[in-house]
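Trainee: Quick one: sequence plus predicted model below, questions after.
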Amino acid sequence: MRTLPSLTLLLLLLFSCNQPGNPLQDKQAGSEVTTDTLSLIREFTGIYADKVFFDCSNPGLTYTVTDKGSLLESVLKKEQAAAFRETGISVRVRAVLTGSARKGSAGVLEIKELVSANQENDGCRPYDYICKGNEPFWQVQVSKAKNTIIHYDPMNQKTIAFRYVEPEEKEGALIYNTESFDDPKSKILISISKEKCSDGMSDIEYSYSSKIIFNNENFKGCAIKFGNNQN
């Protein structure tokens, strides 16, 4: 007979917990609302590459990107040659940062708006120089950090990786003279000088010019130094 009141009391407590207005239940619901409310849209500046955002304002932080409108992928394909897409592009976006998606990611960045973008990686992922020219189009990326010099021929969709070597300085120019990883007969010589340069196809004025001799052919263009936004 003593167990009946105890059982009745337990049933009453369980019933009251499921009623509207219960403090414990309301507190849990309130926490969920607060979490959603804190997901505010704000501005981020960094490098986008391969569905990952490298936060230049907080070096070392990377975010997994969700981009339903494919805003970043579209501008990446438009602005950056295929050989350099892993280098990424500089972007400024408005986005929502939410919880961690995978190991090594500081969170998920849900893109809401692309504010600006340019093809030059100017902050988080180091290279030494990017050289490029027109008629015909060509690009070269010099990267001591990656221990490579990459030549890209967009007309033929061909990429060749050369060994990185320390440059020599001759008459105010930096000279890189090296050979391909795969074929010692394939050589490239790169000369980079600090002087004003125009690509002839835009209003951008670069601070460096470049010349290359690639497989005994001469090419002229401009160059971008790491850390400089567009020149």
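Mentor: Ah, there it is.

Trainee: Please enumerate the helices of the chain.
Mentor: 3-17, 23-37, 71-79 (DSSP state H).

Trainee: least reliable of the ones you listed going by mean pLDDT?
Mentor: When these are ranked by mean pLDDT, helix 23-37 comes last with a mean of 34.

Trainee: isn't Tyr164 right up against Lys144?
Mentor: Yes - between Tyr164 and Lys144 there is a contact under CB atoms under 8 Å: 5.8 Å. (Each C-beta comes from the backbone N, C-alpha and C, glycine too.)

Trainee: Which one's more surrounded, those two?
Mentor: Tyr164 (18 against 15; other CB atoms under 10 Å).

Trainee: From Thr148, how far off is the more buried one?
Mentor: 6 Å (CB to CB, to the nearest Å).

Trainee: mind checking which helix or strand of this protein has the lowest mean pLDDT?
Mentor: Lowest by mean pLDDT, DSSP states H and E among the helices and strands of the chain is helix 23-37, with a mean of 34.

Trainee: where does the chain dip in pLDDT?
Mentor: Within the chain, the segments meeting pLDDT under 70 span 1-39, 59-60, 80-87, 100-104, 119-126, 227-231.

Trainee: one more time with 50, if that's ok
Mentor: Applying pLDDT under 50 to the chain picks out residues 1-3, 10, 13, 15-38, 229-230.

Trainee: List the contacts of Ile41.
Mentor: By CB atoms under 8 Å, 6 or more residues apart in numbering, the residues touching Ile41 are Arg94, Ala95, Val96, Lys112.

Trainee: So which of those belong to strands?
Mentor: If you go by DSSP state E, those have Arg94, Ala95, Val96, Lys112 in strands.

Trainee: What is the nearest of those to Met201?
Mentor: Ranked by distance to Met201 (CB to CB), those are led by Arg94 at 30.5 Å.

Trainee: Can you tell me the closest non-neighbouring residue to the closest one?
Mentor: Among residues not flanking Arg94 along the chain, Glu113 sits closest, at 4.1 Å (CB to CB, 6 or more residues apart in numbering).
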